[in-house]
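1. Here is the input, now give the coordinates:
(2 chains)
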Amino acid sequence: MKRSYGPLLLLICLAVFPLIVRDQYYQHLMILVLMWAAIGAGWNLISGYTGQVLFGAACFFGVGAYTAALLLHKLEISAWWGLPLGAVVSVALAFPFGWICFRLRGPYFALATLALNEILRHIATIWESLTEGMVGILVMQTFVSKAPYYYIALVLAIASVVIVDKVMKSRFGYYFVSIREDQDAAESMGINTTFYKMVSLCLSAVLIGLAGALYTNYMGFIDPHVVFSLHNISIMAILVGIVGGVGTVYGPAVGAFIMVVIDELFRSGGFGLLAALGKTMQWPFMESVTKYVSQAHTLVFGILVIVVILYLPNGVVGDWELVKKKIFFWKRQTV
Amino acid sequence: MDVFLQTLVAGILKGGLYGLIGIGMTLIMGVMGIINLSHGQMMMVAMYVTYVFFHYMGLDPYVTLLISMPSLFLLGMLIQKYLLNPLIRVESILPENQVLMTVGIGMVLTEVARFIFTSNYLSVRTTYSTAAWYIGGISFSQALCIAFGLACTLTLALFLFLIKTDLGRSIRAVSQDAEAAELLGVNSDRIKVITMGIGAALVAAAGTLLLPIYYLFPDIGGPFTRKAFVITILGGLGSTVGAIFGGVTLGLAEAFGATYIGMDFEDMIGLIIFLLVLVFLPGGIKTLTKV
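-> Numbering: from 1, shown residues only, chains lettered A, B, ... in the order given. Prediction:
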C-alpha cells in the first residue's frame, strides 16, 4: 500500500511554524486558522456528514467561551479548566436541544439552531448579574508569547481532524452518512436515527465548545455580540465548511485557511499593500479605496457564499478535480 | 384594564403587518420548499426605496407603495431566476444549499445598503407618524391603522388572485405537488420566479407601511427575517391563512411581553414561541384549522 507522507509533512511544517515565523501578527492568524479548523471540523460532522445543517454554530462556541470566562470571573478558577468544562456544558446544551429538535428535518432543524443561537445571545445580553451583559468579561491572558496558544490550538485542530477521521471510518460514520442520504431508508434499515444524530451533534458540540473556551483564553475578552455573533461565528463556520468541502476530512481545515486569509485580506486592506501602493505611487484616491475594501469584508463573505454554492457546491477539497481542471484549462488558453 | 386593552390593540395592529411579512414567506415556502432567509433584507431594500423617494422627491410613503412593490417584485424575480433556480440542477452533498444561498443574498443586500447609505439610522417623518385617534382611553396610532387597513386589503387581493386567476391556480398547484403540476403543463420554473416576486412585493409593502412609524438602518433585515420565519412556523408551513394568525399571534405576544415582562424581552419572546411551537405543535396552526 502506498503511504502518503503529505499529512506528516504538513504536521512538521505546522509544528515548526512559530519557530520560523516570529512575527506575532502571522502567528495570530495561524492560531485563528487552527481554531476555525476545529470549529469547521465540528460543523462538518453534524452538517456535512450527518446532513443536519447547523446554522447556529455560535451557540456552542459561545457557551464554551462563557463557561471558561465565568469560571475565572465567578469562581476564580483558572480559565483553562474551561476547556474540558466548556465541552461538557456544550454537550449539556446540545443534548436537550437535540432531544427536542431532532424531530425536525432539513431546513426546520437549521432554523431551530438559528433560534437557539439568538435566544442564547439575548440571554447573555439580558442576564447581567451572571454574564455582565454587554460590558463583557475580561480574562487575563496566561502567556505573553503566542507560541503556547499556537501549540494548544494546533493540538485541538489536529485532534478534531483525527477524531472526525476516526469516527467517519467507524460504524458510526456509515450510520451518519446513511442518515444524510436518506433518513427514512436509514430508519427502515434499523438505524436509530435520533440516537445517531444526537451522537453526531454532541461530538460537534464538544469540538466547537472547546474552540470557544480556547477563544476566551486566547483573546482575553468576550461579550455576547462577539461570541454569539451570527455573522462572525455561525455564518463563518458554514463558510469554512462549504468553501473547504462539505463531507471531507481535510475540507474544513483548508476552508479555515482560505476564509481567515480572505477575511484578513479585506479587513487589513490587502495586508496593508493597498495603502503602501497608494503611498509609493502618490495616488491620493488609494486611501478611500483602502477604506472601502476594509468595509467590504462582510459583502465579500456574502458574494463568496453565492459564488461557492453556484460554482463549487462541494468546496475546494470536494471539487478538487474540477478546480484542477479549471486551472489547467486556464493555463492552456494563456499559452 | 386600559393598559391591557391598549396592548391588545397595539398587538393586533402590529400583527396585521407581521401577517403581510409572513404571507410572503409562506408563499415562497410552499412553492419552493425553502425558507427564504433574505426576506427581512428584501424588506430593508423596500424601506430604503421608500426613504429615497420620500427624502428626495417628497413622495408620501403610501404613494411609494406603487414604486417599492414593483421594484421588489423585479428584484425577487431576478434573484429566483439567476441565483436560486440554477441551484436545483447543481449536484451537492448539502441539501440546504438554497437556504444557504438566501443567507448569502441577505448579506449582500445588507452590505450594499450599508455602502450606499452608511450605518446611520434614518427615518421618515410624516404628519401622521405620531398622530393618533382616540376611542375611549385607548389610542389608535394613525399610521398603524392605515397600515393595518392596507395590509388587510393586500391580503384580500392576494387571496382573490390565488383563488380566482389562472396564475394563482398554477401557483397553488405547484405548491401542492410540483411534479404533478409539471405533468399537467405548468411551467414550474416560471411559477417559482413569479412566486418569489410576489413574496418580495408583499414584504416590500410591509416595509413601506412600517417605515413611517419605524426607523431604518441596514441591519434591520435580520430581526425581521427571524420574525418572518417564526410567523411561518407558527402558522404552519405553506399555509397563507396560518400566516395571518401567526402574524397576529406574534404581534400580540410581543406587545404583551413588552408591556408585562420588559422591553428587553420583546425579541426573545418570538423565538421562545418558535421553540415551543416546534415542540408542542410541530405543524403550526395549520394542523388545527386544516386550511
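2. Correct me if wrong: A:Phe109 contacts A:Gln52.
-> Yes. The pair A:Phe109 / A:Gln52 is scored as a contact, 5.3 Å apart, by Cβ atoms under 8 Å. From N, CA and C alone the C-beta is placed, and that goes for glycine too.
3. Give me the common contacts of these two.
-> A:Phe102 (Cβ atoms under 8 Å, 6 or more residues apart in numbering or on different chains).
4. low-scoring stretches of the stretch 151-291 of chain B, by residue?
-> Within the stretch 151-291 of chain B, the stretches with pLDDT under 70 are B:289-291.
5. Contact partners for the residue in it that chain A sits nearest to?
-> Residue nearest to chain A within the stretch 151-291 of chain B (Cβ to the nearest Cβ): B:Met268, separated by 4.4 Å. Applying Cβ under 8 Å, 6+ apart to B:Met268 gives the contacts A:118-119, A:122-123, A:126, B:257.
6. With neighbour count, distance to A:Ala276 and secondary structure as added columns, please give the residues you listed in TSV.
-> What follows is those, written out as TSV (neighbours: other Cβ atoms under 10 Å in any protein chain shown; distance: Cβ to Cβ, whole Å; DSSP: H, G, I helix; E, B strand; the rest coil):
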residue	neighbour count	distance to A:Ala276	secondary structure
A:Glu118	24	41	helix
A:Ile119	20	45	helix
A:His122	20	43	helix
A:Ile123	14	45	helix
A:Ile126	16	45	helix
B:Gly257	22	53	helix
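7. okay, A:Phe109 and A:Gln52: which has more neighbours?
-> Taking neighbours as other Cβ atoms under 10 Å in any protein chain shown, A:Phe109 and A:Gln52 compare with A:Gln52 leading, 27 against 24.
8. Run a quick neighbour tally on A:Lys326.
-> For A:Lys326, using other Cβ under 10 Å, the count is 13.
9. Would you quantify the distance from it to B:Gly11?
-> Look at A:Lys326 and B:Gly11: by Cβ to Cβ, to the nearest Å, they are 55 Å apart.
10. Now do the buried residues in stretch B:240-250.
-> B:240-250 (16 or more other Cβ atoms under 10 Å in any protein chain shown).
11. Spell out which residues of the stretch 151-291 of chain B are next to chain A.
-> Contact residues (Cβ under 8 Å from any Cβ of the partner chain) of the stretch 151-291 of chain B with chain A: B:222, B:226, B:229-230, B:233, B:264-265, B:267-268, B:271-272, B:274-275, B:278-279, B:282.
12. mind running it again at 10 Å?
-> Counting by Cβ under 10 Å from any Cβ of the partner chain, the stretch 151-291 of chain B comes close to chain A at B:219, B:222-223, B:225-226, B:229-230, B:232-233, B:237, B:262, B:264-276, B:278-279, B:282.
13. For the contacts of B:Met268, could you give me TSV that also reports distance to A:Val293?
-> TSV is the format used below for these (distance: Cβ to Cβ, whole Å):
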residue	distance to A:Val293
A:Glu118	30
A:Ile119	35
A:His122	33
A:Ile123	36
A:Ile126	36
B:Gly257	42
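14. Okay, strands next: where are they in the chain?
-> No chain specified, so I'll use chain A. Ranges of strands in chain A, per DSSP state E, are A:137-138, A:221-222.
15. wrong one, chain B
-> B:122-123, B:132-135, B:138-141, B:215-216.
16. Just give me how far the second one sits from the chain centre.
-> So the one you mean is strand B:132-135. Put simply, strand B:132-135 sits 27 Å off its chain's centre (Cα atoms, centre = their mean, to the nearest Å).
17. Mind listing the strands it pairs with, and their directions?
-> Paired with strand B:132-135 in the same sheet, following DSSP bridges, are strand B:138-141 (antiparallel).
18. and if you look at the first one?
-> Using DSSP bridges, the strands paired with strand B:122-123 in its sheet are strand B:215-216 (antiparallel).
19. What parts of the stretch 101-250 of chain A come near chain B?
-> A:101, A:103-112, A:114-123, A:125-126, A:133, A:177, A:180-181, A:230-231, A:234-235, A:238-239, A:241-242, A:245-248.
20. Is there a quick PyMOL command that grabs whichever of those are buried?
-> The PyMOL selection below is limited to those of those classed as buried (16+ other Cβ under 10 Å):
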select buried, chain A and resi 101+104+106+107+108+109+110+111+112+114+115+116+117+118+119+120+121+122+125+126+177+180+230+231+234+235+238+239+241+242+245+246+247+248
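21. In helices only, show me the residues of the stretch 101-250 of chain A next to chain B.
-> A:101, A:106-112, A:114-123, A:125-126, A:177, A:180-181, A:238-239, A:241-242 (DSSP state H).
22. what's the closest non-adjacent residue to A:His73?
-> Nearest residue to A:His73 in three dimensions, chain neighbours excluded: A:Ile137, at 5.2 Å (Cβ to Cβ, 6 or more residues apart in numbering or on different chains).
23. One more: A:Ser268?
-> A:Ser294 (7.0 Å).
24. Equivalent analysis for B:Tyr128, please.
-> B:Gln142 (4.3 Å).
25. Check B:Ala132 too.
-> B:Ser139 (4.2 Å).
26. One more: B:Leu154?
-> B:Ala205 (5.6 Å).
27. What separation do you get for that neighbour and B:Gly149?
-> 12 Å.
28. Pick out whichever of the two has more residues nearby.
-> B:Ala205 (26 against 13).
29. ok, now which ones touch that one?
-> B:Ala205 makes contact with B:17, B:20-21, B:24, B:43, B:46, B:65, B:68-69, B:72, B:147, B:150-151, B:153-155 under the criterion Cβ atoms under 10 Å, 6 or more residues apart in numbering or on different chains.
30. same check, this time on B:Thr165
-> Going by Cβ under 10 Å, 6+ apart, the list of residues near B:Thr165 reads B:Ile171.
31. Now do the buried residues in stretch A:224-232.
-> A:224, A:226-232.
32. same question, stretch B:278-291
-> B:278, B:284-286.
33. What ranges does chain B have for its helices?
-> B:2-32, B:39-57, B:61-79, B:97-117, B:142-164, B:166-176, B:178-183, B:188-210, B:221-235, B:240-260, B:266-280, B:286-289.
34. Just give me the neighbour total for the spatially closest residue to B:Gly242 that is not a sequence neighbour.
-> The shortest distance from B:Gly242 to any non-neighbouring residue, by Cβ to Cβ, 6+ apart, is to B:Gly235 (2.9 Å). Neighbourhood size, B:Gly235 [other Cβ under 10 Å]: 31.
35. wait, what's in contact with B:Gly235?
-> With Cβ under 10 Å, 6+ apart, B:Gly235 has these contacts: B:19, B:22-23, B:25-26, B:241-250, B:277, B:284-286, B:289, B:291.
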